[in-house]
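Colleague: Need coordinates for the below:
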Amino acid sequence: YSFALERAQVALKQSENAFYDESLLAQLYFPEEHKLAVYVPFFLPLSMTLVLGCIHRLKQLKKSPKEDSVEQQQGDDQPGDGDPDAQVDEQ
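Modeller: This next block holds a predicted model:
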């Protein structure tokens, strides 16, 4: 384990030296194309799901109350849909 500990200490010192190296400080500011290449694969599917879900929900909300009441009446008029309290006229 002593060998691994020595190597870990060396690696820590080298990584700290590399972090403050002058040649790497200029790379802290990435070009816009690089940012797009990194973030678009993550945010595009996420945003598409959200946008399509919002569009679907807005279409549901814009549906007129008249259509809602007709659908509810059609659903209520059908006996035998599993409702034990529904009365069925047998004539």
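Colleague: helices and strands around the host helix or strand of Val40, which ones?
Modeller: Following DSSP states H and E, the helix or strand that holds Val40 is helix 32-62. The contact analysis (3 or more C-beta pairs under 8 Å, 6 or more residues apart in numbering; DSSP states H and E) places helix 32-62 against no helix or strand. Any C-beta I mention is one placed from the backbone N, CA and C, and that applies to glycine too.
Colleague: how far away is Thr49 from Val38?
Modeller: 20 Å (C-beta to C-beta, to the nearest Å).
Colleague: what about Val40, neighbour count?
Modeller: Other residues near Val40 come to 11 when the count uses other C-beta atoms under 10 Å.
Colleague: Repeat that for the one 10 residues further on.
Modeller: Number of residues near Leu50 (other C-beta under 10 Å) recorded here: 10.
Colleague: Same question for Tyr39.
Modeller: By other C-beta under 10 Å, neighbour count at Tyr39 equals 10.
Colleague: pLDDT (mean, whole number) over the helix holding Val40?
Modeller: Averaging pLDDT along helix 32-62 yields 92.
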